[in-house]
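show me how the following folds:
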Amino acid sequence: IAPYGVTEGLVEGNGGIYGTDAYGGTNGDGSIFVLEPSNLTSVEVYSFEETTGQRPYGKLCQAVNGKLYGMTYEGGTNGDGVLYEFNPSTNAFDVLLDFNGANGTNPWSCMISIGADKLLVSVTLGGPNGTGALFELQPSTGTYEVVHSFSSMTDGSLLFGGIIQATNDLVYGAATSGGSSGVGTVYSYDPVSHAFNTLHHFEGGVSGTGPSAELTYVGAFVGMDDPGAIAGGLTIYPVPANDHVFVSMNDPLLQEARLTLSDMTGRTIWQGIARSSVQRVELNGPAGMYWLACEQNGQRTGQRVVKR
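As a prediction, this is how the structure comes out:
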């Protein structure tokens, strides 16, 4: 079965180029595939299922041991996603960790290798404070330690973007929400001292809003935000959702705004006008990822929505 909904980030291993897709595979829950450079054909090497994880949105990470590591957004023992290991030499697959809320839930982001037997993992939600966490994992034993739990207004929340390690050995990342203005932060973490620092609080407007992509180091860090976003304009819940979500208009000026629900191909699923401070939106589509946008007077804000 050809890959469908290919996620970000490809890695090279065992003579091929490996990646994940979120909706393909034998079971329709996502798969790991390898692209053979010699003939440019794609081969499925592992198909996810409910017990081993579903929707591997985050990219793969290759560790020092040559194995590949990744996470799924949902599935596993608790339905909150898993962290898995895949050996490209043998195609052996193992679940190393089932997310359960306390250690994170619904990971959207990724991990990086920070040592011979150590991974630093970023989880979008969950952790001790429920708003995202960083933890270190030892693949050989499966043991982990939460090294930082985000607390929303202090240092950020919703870790949709990835993390990277710069030439100074510090790890950098961005939170999509939270911070002093509620619209995201940039942070650093020292894997040696475990020191965590919030480097920047986005303020909306020209400062930026809702960073959701991985930073890139080019002598200075470059990130991505939505330049037309309305700072702190709305809250969408629950995350993830089943058949519907509620949109809470934090700014009274957003009432009578236009709401648009789209799938990840850009196709409009539903469109309407917000008639009250809390609007119910039906998710009339298959399980997967959507984008719910709010537009008023030429300005816009939005948020990813995931339907179970």
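
just checking, which helix or strand of this structure averages the lowest pLDDT?
Across the helices and strands of the chain, mean pLDDT, DSSP states H and E gives its lowest value to strand 221-222, namely a mean of 50.

so where is the chain shaky, pLDDT-wise?
Within the chain, the set of residues satisfying pLDDT under 70 comprises 1-14, 217-234, 239, 249-255, 264-265, 276-277, 298-301.

give me the most central residue, it.
The chain has residue 108 as the residue nearest its centroid, 2.1 Å off, counting by C-alpha atoms, centre = their mean.

could you point out which element follows the least confident helix or strand of the chain?
In the C-terminal direction, the helix or strand that comes right after strand 221-222 (DSSP states H and E) is strand 234-237.

not counting sequence-adjacent ones, nearest residue to residue 191?
residue 114 (4.6 Å; C-beta to C-beta, 6 or more residues apart in numbering). Backbone N, C-alpha and C define where each C-beta goes, glycine included.

let me fix that: residue 123
Spatial nearest neighbour of residue 123, chain neighbours left out: residue 104 (3.0 Å); criterion: C-beta to C-beta, 6+ apart.

bridged to the one you found, which residues?
Each beta-bridge partner of residue 104 is listed here: residue 101, as defined by DSSP bridges.

from residue 133, how far out is it?
Counting by C-beta to C-beta, to the nearest Å, the separation of residue 104 from residue 133 is 6 Å.

which one of those two has more residues nearby?
Set side by side, residue 104 and residue 133 give different neighbour counts by other C-beta atoms under 10 Å, the larger being at residue 104 (30 against 25).

got the contact list for the more buried one?
The contact partners of residue 104, taken as C-beta atoms under 8 Å, 6 or more residues apart in numbering, are 80, 81, 121, 123, 124, 125, 126, 127, 132, 133, 135.

repeat that with 7 Å
Going by C-beta atoms under 7 Å, 6 or more residues apart in numbering, residue 104 touches 123, 125, 126, 127, 133.

ok, for the third one, nearest residue in space, not its chain neighbours?
This points to residue 126. Leaving aside its sequence neighbours, residue 126 sits nearest to residue 105 (C-beta to C-beta, 6+ apart; 3.5 Å).

and that neighbour, how close does it get to residue 238?
Residue 105 is 12 Å from residue 238, where distance means C-beta to C-beta.

what do you get for residue 22?
Computed with C-beta to C-beta, the distance linking residue 22 and residue 238 is 20 Å.

who has more neighbours, these two?
Neighbour totals were compared for residue 22 and residue 238, and residue 22 leads with 24 against 11 (other C-beta under 10 Å).

so the more buried one sits against residue 57, correct?
Yes - using C-beta atoms under 7 Å, residue 22 and residue 57 qualify as a contacting pair, with a distance of 5.7 Å.

hang on, residue 200 in a helix?
No - remark: residue 200 does not belong to a helix; assigned using DSSP: H, G, I helix; E, B strand; the rest coil, it is strand.

give me every residue that touches the residue nearest to the centre of the chain.
With contact set as C-beta under 7 Å, 6+ apart, residue 108 has these partners: 57, 58, 73, 124, 160.

run the last query once more with 6 Å
Contacts here follow C-beta atoms under 6 Å, 6 or more residues apart in numbering; on that basis residue 108 touches 57, 124, 160.

hang on, the earlier thing: how close does the residue nearest to residue 123 sit to residue 81?
According to C-beta to C-beta, residue 104 stands 8 Å off from residue 81.

equivalent analysis for residue 179, please.
When distances are taken as C-beta to C-beta, residue 179 and residue 81 turn out to be 25 Å apart.

between these two, who's got more neighbours?
Set residue 179 next to residue 81 and count neighbours by other C-beta under 10 Å: residue 81 wins out with 31 against 24.

got a list of what that one touches?
Listed by C-beta under 6 Å, 6+ apart, the contact partners of residue 81 are 71, 72, 73, 74, 99, 106, 107.

fine by me, we can end here.
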